[in-house]
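> Turn this into a model:
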Amino acid sequence: MALTIRIDDRRPFADGISFGDTGPYERLTGRVLFVINPEAPSQYDIVDIDLAPRDPQGQVRFEADFMLLRPIEGGNGRLFFDYGNRGNKRVLQYFNDAVHSNAPLTEAHAGNGFLMRRGYAIAWLAWEGDILPGDGRLTMDLPIATNDGKPITGRVRTEIIPDAQTVTTMPLSGRIAAHSYPIADNPDAVLTRRRYPYDPPQTIPQSEWSFAQLVSGSAAESVGTETGLIPSTNFIHYPSGFRPGWIYELVYTAKDPKLMGLGHLAVRDFVSFLKYDRTMANPLAGLQKAYAWGRSQTGRCLRDFVYRGYNADSENRKVFDGVMPHVAGAGRKWLNHRFASPIVSGGQQYEDHFNIADSFPFSYAVSTDHLTGKEDAILKRPDTDPLVFHTQSATEYWVRRGSLVHTDTMGNDLAQPDTVRVYFWSSSQHGADPLRKSPTKGIGQNYSNTVATSMLFRAMMDAMDAWATDGTTPPDSAIPLRSDGTLVDYATWAEQFPRIPGVTPLSEPNALPLLDFGPDVDKGILQEPPRVVPGRNDPGGPGLRYTVLVPSVDVDGNDVAGVRAPMVQAPLGTYTGWNPRAKGHGHGAQWRFEGSYIPFPDTESERLMTVDPRMSIQQRYGTVDHYITAIRKAAKTLAAQGLLLEEDIERCAQAAENWCPTRHIVDLDDAEDPA
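Here you go, the predicted structure:
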């Protein structure tokens, strides 16, 4: 390992304020320059490492952006590494309830100061090679593989699914912020569209679209604007426009694959350097522990990082002492593959189908894939595997096959290693903004789920550090189980869920078929599109399937098992992990990672008028003071279980004032208790 940290900017953080006993922080930004030996055993499995360009010394070079927030003096000797999600920094938003920023600098960006008051150094490093500069995102420069200097080509598949406006020009990656693999050939490209994932695709003739980019600007000789069409190897132009309610798929021959797998190596070597190097070149010399948190895409990346053995550095030392993948579901990462597109999400019901990220093994424990006979586990290197807190919302069970994290592939309960805790954050959704202003609807049929969960992150952080530092046992896993009837198949769930007027649930959770990516998949070279392995033909689509289960619900439709946040213990509505798309946007299919908030009727008269089977807010609580008391009681219960900090009890109670208007729609006078 050889790397150089180049600091380009250094300045006070949060206007130089002091955070408790820790004191003030400063922010460092710059680049990390990596030089690696492509023949070293510690990186031999990077796909196409043998085809990377080399410097005169035979080494491979690449660079990545970084940012550090560090205590100017002291600190707790611990590093908290935030896997930036698509180049975006998220940890301060979720752990500190801070205003999100990709350039955190002000006091508002410190939020409640939790991580600073604890004394953590916080680090970000670009690990994703397909991110384009812009909006403060972290980016990295990766080498391109060639065959003795000649371009390498291969088939690439991209989905384009617009939500609202009709667009005519899109990057070949399907994402505005993502690098596109340039076309190597045009005649064999195919553009199709379909309404639903398993519908027969309709081919759009090549005469109706082109590889080009539409540009516009001020007219030279007339009022208004002029447009021009520029041939492009990186954009597709469809004059009729990509319309909502359709899944467009482009398959073409691309060239110039980047060595995306170097993202894992970059994180490994950067964190190892910060943790173990004791020279003046290390801005965090003296660290004792290192922890990592990844949310969604980056939670999957973190699981993949551990699975592929990158938690052991080049000297076989442990990199992260503990990892906290959040809302990763049962997926890993499309990263260490030729022509990988890391920005793409794991497979969903309506988006990003047939994704290599959702491949066995799914669990940290050893299990057997009943469809292929393979035996494997994410944790299989006891000397260097980290402690694990895997946290997931209800959305992961419905959208990201979350039950497979703690079951075998047939849906049977699977005991996890002693070094793992899995926590189901009941009735919450994938993205839970700590600073949500009001319930909103997008293209879903229901309001998006509003359950607040950020207080759980803070308790998890303290518990992880205590576990890694002195062996203090954290709270037991809290998950739904087949054995006690809290993890069920869809038919059982459908019988449990209340018949709420105007609410139509999904037809099933997101299924997971067995996919065949071709004979070279173990070499990281994928056949696109993959083949769905034939099998039984269920309503959600063809193919052999893994068993995906969902949490059971109570009479209100809220999840029974798991860690029930105060808002779930004292609910003002039904909170689900699913939210069907509205008419014209893939009607009835799941809307990405959105859950639902379905308000309770305010009064008994409203409940009777709407024929709602759920008890009214008036009947449940009577007055807002009684509601606040219920929230405070729920918070105290969680604190007694080690799942919430004492400092957050009153935060929860304060948020409940006036019926928690930033998260609920309640039109109820502070009337007398009807009881």
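> got the end-to-end distance for stretch 605-618?
With CA to CA, to the nearest Å as the measure, stretch 605-618 spans 10 Å from end to end.
> List the buried residues for that stretch?
606-607, 612, 614, 616-618 (16 or more other CB atoms under 10 Å). (C-beta placed from N, C-alpha, C; glycine too.)
> what's the answer for stretch 649-661, then?
By 16+ other CB under 10 Å, the buried positions in stretch 649-661 come out as 649, 651-653, 655-656, 659-660.
> Which of the buried residues of stretch 605-618 fall in helices?
606-607, 617-618 (DSSP state H).
> Kindly indicate which of those residues lies nearest residue 257.
Nearest to residue 257 out of those is residue 617 (CB to CB; 56.0 Å).
> just checking, the closest one touches residue 604?
No: counting by CB atoms under 8 Å, residue 617 stays clear of residue 604, with 9.8 Å between them.
> what are the ranges of the helices in the chain?
Using DSSP H, helices in the chain cover 91-95, 114-118, 262-276, 297-307, 394-399, 454-470, 490-496, 566-569, 604-610, 617-621, 624-640, 647-655.
> could I get those as JSON lines with mean pLDDT?
Shown next, in JSON lines, are those (pLDDT from 0 to 100):
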{"stretch": "helix 91-95", "mean pLDDT": "97"}
{"stretch": "helix 114-118", "mean pLDDT": "98"}
{"stretch": "helix 262-276", "mean pLDDT": "98"}
{"stretch": "helix 297-307", "mean pLDDT": "97"}
{"stretch": "helix 394-399", "mean pLDDT": "98"}
{"stretch": "helix 454-470", "mean pLDDT": "98"}
{"stretch": "helix 490-496", "mean pLDDT": "98"}
{"stretch": "helix 566-569", "mean pLDDT": "98"}
{"stretch": "helix 604-610", "mean pLDDT": "97"}
{"stretch": "helix 617-621", "mean pLDDT": "97"}
{"stretch": "helix 624-640", "mean pLDDT": "98"}
{"stretch": "helix 647-655", "mean pLDDT": "97"}
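> In the buried residues of stretch 649-661, find the pair that's most separated.
The span of these, defined through CB to CB, is set by 649 and 659 at 18.9 Å.
> quick revisit: got JSON lines for the ones in helices among the buried residues of stretch 605-618, with distance to residue 122 too?
Below are these laid out as JSON lines (distance: CB to CB, whole Å):
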{"residue": "606", "distance to residue 122": "47"}
{"residue": "607", "distance to residue 122": "48"}
{"residue": "617", "distance to residue 122": "40"}
{"residue": "618", "distance to residue 122": "45"}
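> wait, which of the residues you listed is closest to residue 395?
residue 617 (24.8 Å).
> ok, now which ones touch the closest one?
For residue 617, the contacting residues are 572, 600-603, 627, 659, 666, 668, by CB atoms under 8 Å, 6 or more residues apart in numbering.
> Deepest-packed of the helices of the chain, please.
helix 394-399 (a mean of 31; mean count of other CB atoms under 10 Å).
> Can you tell me which helices and strands it packs against?
Contact here means 3 or more CB pairs under 8 Å, 6 or more residues apart in numbering; DSSP states H and E; on that basis helix 394-399 packs against strand 420-425, strand 550-551, strand 573-576.
> For the last one, give the mean pLDDT please.
The one in question is strand 573-576. Taken as a whole, strand 573-576 carries a mean pLDDT of 98.
> my guess is residue 32 contacts residue 8, does it?
No: look at residue 32 against residue 8 with CB under 8 Å: they stay out of range, at 11.3 Å.
> picking up where we left off before, save the helices of the chain as JSON lines, and put in distance to residue 586 too.
Shown next, in JSON lines, are the helices of the chain (distance: least, CB to CB, whole Å):
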{"stretch": "helix 91-95", "distance to residue 586": "29"}
{"stretch": "helix 114-118", "distance to residue 586": "39"}
{"stretch": "helix 262-276", "distance to residue 586": "31"}
{"stretch": "helix 297-307", "distance to residue 586": "21"}
{"stretch": "helix 394-399", "distance to residue 586": "14"}
{"stretch": "helix 454-470", "distance to residue 586": "30"}
{"stretch": "helix 490-496", "distance to residue 586": "19"}
{"stretch": "helix 566-569", "distance to residue 586": "28"}
{"stretch": "helix 604-610", "distance to residue 586": "27"}
{"stretch": "helix 617-621", "distance to residue 586": "33"}
{"stretch": "helix 624-640", "distance to residue 586": "36"}
{"stretch": "helix 647-655", "distance to residue 586": "34"}
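> can you tell which of these is closest to residue 177?
helix 297-307 (12.5 Å).
> Name all residues that make contact with residue 332.
Counting by CB under 8 Å, 6+ apart, residue 332 makes contact with 300-301, 303-304, 307, 357-359, 378.
> Let's see that with 10 Å instead.
Applying CB atoms under 10 Å, 6 or more residues apart in numbering to residue 332 gives the contacts 299-308, 325, 346, 356-362, 378.
> cool, residue 55 as well?
If a contact means CB under 10 Å, 6+ apart, then residue 55 has 35, 61 as its contacts.
> Just the pLDDT at it, thanks.
pLDDT, residue 55: 96.
> and what of residue 477?
pLDDT, residue 477: 98.
> What is the burial count for it?
Residue 477 has 18 neighbours, counted by other CB atoms under 10 Å.
> quick revisit: looking at residue 32 and residue 8, which one has more neighbours?
residue 32 (20 against 10).
> from the contacts of residue 617, which is closest to residue 581?
residue 600 (24.0 Å).
> Please look at that closest one and residue 570 and confirm they touch.
No: counting by CB atoms under 10 Å, residue 600 stays clear of residue 570, with 11.5 Å between them.
> Common neighbours of those two, please.
Counting by CB under 10 Å, 6+ apart, the residues touching both residue 600 and residue 570 are residue 620.
> mind checking pLDDT for the spatially most central residue of the chain?
Centroid-nearest residue in the chain, with CA atoms, centre = their mean: residue 296, separated by 1.0 Å. As predicted, residue 296 sits at a pLDDT of 95.
> Same check on residue 222?
For residue 222, the predicted pLDDT is 62.
> picking that back up, select, out of the helices of the chain, the one closest to residue 167.
Counting by CB to CB, and looking across all of the helices of the chain, nearest comes helix 297-307 at 23.1 Å.
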